[in-house]
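J.: mind looking at a prediction? Sequence and model below.
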Amino acid sequence: MAKRFNDNEWTNKMRIKLDVNNMFAERVGPEHGFTREEITALSDKVEEAHNNIKQAKPGFMDLPYEQTEIVREIKEFAAKKQGEFDNFVVLGIGGSALGNIALQTALNDPYYNYRNDKRGGCCRLFVPDNVDPVRFKSLLETLDLKKTVFNVISKSGGTAETMSQYLIARKAVAEVVGEDKVEKHFIATTSANSGYLIEISKREDFKTFYIPDNVGGRFSVLTPVGLVSAAFCGIDIEELLAGAAYMDKLCQSSDLWQNPAYLNGVLQYMSYKEGKPLSVMMPYAHALKDMADWYRQLWAESLGKEVDREGNVINVGPTPIKALGATDQHSQVQLYTEGPFDKVITFLEVEDYGVEIEIPAVYQDIQGVSYLGGHTLNELIRTEKNATELALSKRGRLNSTIILPEVNEFTMGQLIYMLELQTALVGELFNINAFNQPGVELGKHYTYGVLGREGYDDKKQEYDERPKKDKDLII
Ligand SMILES: O=P(O)(O)OC[C@H]1O[C@](O)(CO)[C@@H](O)[C@@H]1O
């Protein structure tokens, strides 16, 4: 059967779009918005950034094209396991978890039965993404471990949270299925060349998938990190990658006016430079709620940096904030509309939700309620988004919208790729390394020191000698 992404008409219909009208001075006022000329003035910088990106070619840019073999392997593996398992658990954290969750919420949420019926995946997905003891214990006690497969995901192969989850899960599984069958219940997804997880997976004879060395955790959702769980849950991983490839095609130009990832990136960069360090992502679709969470890591770890490429201390980085429409209209929008002019908002909008619900027309004599009758929830959420956008713009608040024709694998692939490329571009504009995360290390090292990992004794000492808590300051 021909894949939908091979159908040009469908593909064009499913193109995601970027609306930047409300970033312009004429909409939000000259003190806050930008003119075309001001934006165009960054063209040379963007051209240079574009050339740098092309030259460095970060690993995520190859993913839409270079995974034919791996996709085949994942699909075959998932098909072979069909019927064997009911539950698929991802053991991982950060970039090894958030993409799985985002895809799941978007494409496979248990709420969306009407949609899942059409997908044929065998498993429900669970991603604890933490080491909270209550949640993890509940998970292991709730699931039928005989019908559960775990994907242990760690690029570095040694993250304390992930390895602890694995050690606990392995013990629990062994107790239920017996030592000799443990191997069937675990998959490892890690770097082929380094870390302890690869060593363990060889020793245990686990099925193993690899994360390319040049793809960092937060850019890895379109590697086996996200693809294996997706395939087990019935998500069409080829269409995800086709969506990413399509967006790559849309982002070939170095002209920022022709390239959605660059245009959005430039506007985010300019907003930051103009005193708006807070960057809110606000989807108006529950399905995209966890995309904002995934994006938060992508944006924060990539762009929050102490030094530029020359080693100058610049302490740069926009702070990403997640919100959800319409829910957060009743929690955050007061602040966004009247608080400090320190934010730029990216809305995610969905044109076709796939279902429509009419609001019943009752209580005709109570006008304050009866006006809703005959409208749909779809109209309501769309109107709320437009109204919030208008209210923000009227108050001089910068905002743009990424429009998804519908939430499906193809549009999700586009969105993921666009945001990744946008991140790479903004990293270039800040002249920083967007692909490392040195700032996360110190806290980890104290933990290692305290828990007795070899080589971190000095960190234990530093931890033990930390300033004592002043009791007067605990009230
Ligand atoms: O996949 P790993 O190596 O276990 O890392 C998990 C996460 O930890 C970090 O290294 C630091 O938080 C993230 O960049 C990464 O996504």
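T.: That came through fine.
J.: what about the residue of the stretch 301-450 of the chain at minimum distance from the ligand, distance to residue 456?
T.: With C-beta to the nearest ligand atom as the measure, residue 440 is the residue of the stretch 301-450 of the chain nearest to the ligand, at 4.1 Å. Every C-beta, even on glycine, is put in place using the N, C-alpha and C of the backbone. Here the criterion is C-beta to C-beta, to the nearest Å. By it, residue 440 lies 15 Å from residue 456.
J.: could you measure from residue 176 over to residue 134?
T.: On the measure of C-beta to C-beta, residue 176 and residue 134 end up 21 Å apart.
J.: look at the two and report which has more neighbours.
T.: Neighbour count, other C-beta atoms under 10 Å: between residue 176 and residue 134, residue 176 has more, with 15 against 7.
J.: make sure the more buried one is actually in contact with residue 146.
T.: Yes: Residue 176 is within contact range of residue 146, at 6.1 Å (criterion: C-beta atoms under 8 Å).
J.: near the ligand, which residues of the protein?
T.: Counting by C-beta under 6 Å from any ligand atom, the chain comes close to the ligand at 93-96, 154-156, 159, 162, 217-218, 301, 437, 440.
J.: which ones among those residues map onto helices?
T.: Using DSSP state H, the subset of the residues of the chain next to the ligand located in helices is 162, 301.
J.: make JSON lines from the residues of the chain next to the ligand and add distance to residue 31 and pLDDT to it.
T.: Listed next are those as JSON lines, based on distance: C-beta to C-beta, whole Å; pLDDT from 0 to 100:
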{"residue": "93", "distance to residue 31": "41", "pLDDT": "98"}
{"residue": "94", "distance to residue 31": "38", "pLDDT": "98"}
{"residue": "95", "distance to residue 31": "38", "pLDDT": "98"}
{"residue": "96", "distance to residue 31": "42", "pLDDT": "98"}
{"residue": "154", "distance to residue 31": "47", "pLDDT": "97"}
{"residue": "155", "distance to residue 31": "44", "pLDDT": "95"}
{"residue": "156", "distance to residue 31": "45", "pLDDT": "93"}
{"residue": "159", "distance to residue 31": "45", "pLDDT": "95"}
{"residue": "162", "distance to residue 31": "47", "pLDDT": "98"}
{"residue": "217", "distance to residue 31": "39", "pLDDT": "97"}
{"residue": "218", "distance to residue 31": "34", "pLDDT": "98"}
{"residue": "301", "distance to residue 31": "32", "pLDDT": "98"}
{"residue": "437", "distance to residue 31": "35", "pLDDT": "94"}
{"residue": "440", "distance to residue 31": "36", "pLDDT": "92"}
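J.: dump the residues of the chain next to the ligand to CSV, plus neighbour count.
T.: Compiled in CSV, the residues of the chain next to the ligand are given as follows (neighbours: other C-beta atoms under 10 Å):
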residue, neighbour count
93, 21
94, 20
95, 25
96, 30
154, 30
155, 28
156, 15
159, 23
162, 26
217, 26
218, 27
301, 23
437, 19
440, 12
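J.: could you list which of the residues of the chain next to the ligand belong to strands?
T.: Judged by DSSP state E, strands contain the following of those: residue 154.
J.: and the next element down the chain from the helix or strand hosting residue 345?
T.: For residue 345, the element it lies in under DSSP states H and E is strand 343-352. Once the chain leaves strand 343-352, the next helix or strand it forms, by DSSP H and E, is helix 367-370.
J.: can I get that next one as PDB, trimmed to CA atoms?
T.: The C-alpha atoms that make up helix 367-370 are tabulated as PDB, following Å, rounded to 0.1, in the frame of the first residue of the first chain:
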ATOM      1  CA  GLN A 367     -28.700  33.800  28.100                       C
ATOM      2  CA  GLY A 368     -25.300  33.700  29.900                       C
ATOM      3  CA  VAL A 369     -25.200  29.900  29.200                       C
ATOM      4  CA  SER A 370     -27.600  29.400  26.300                       C
END
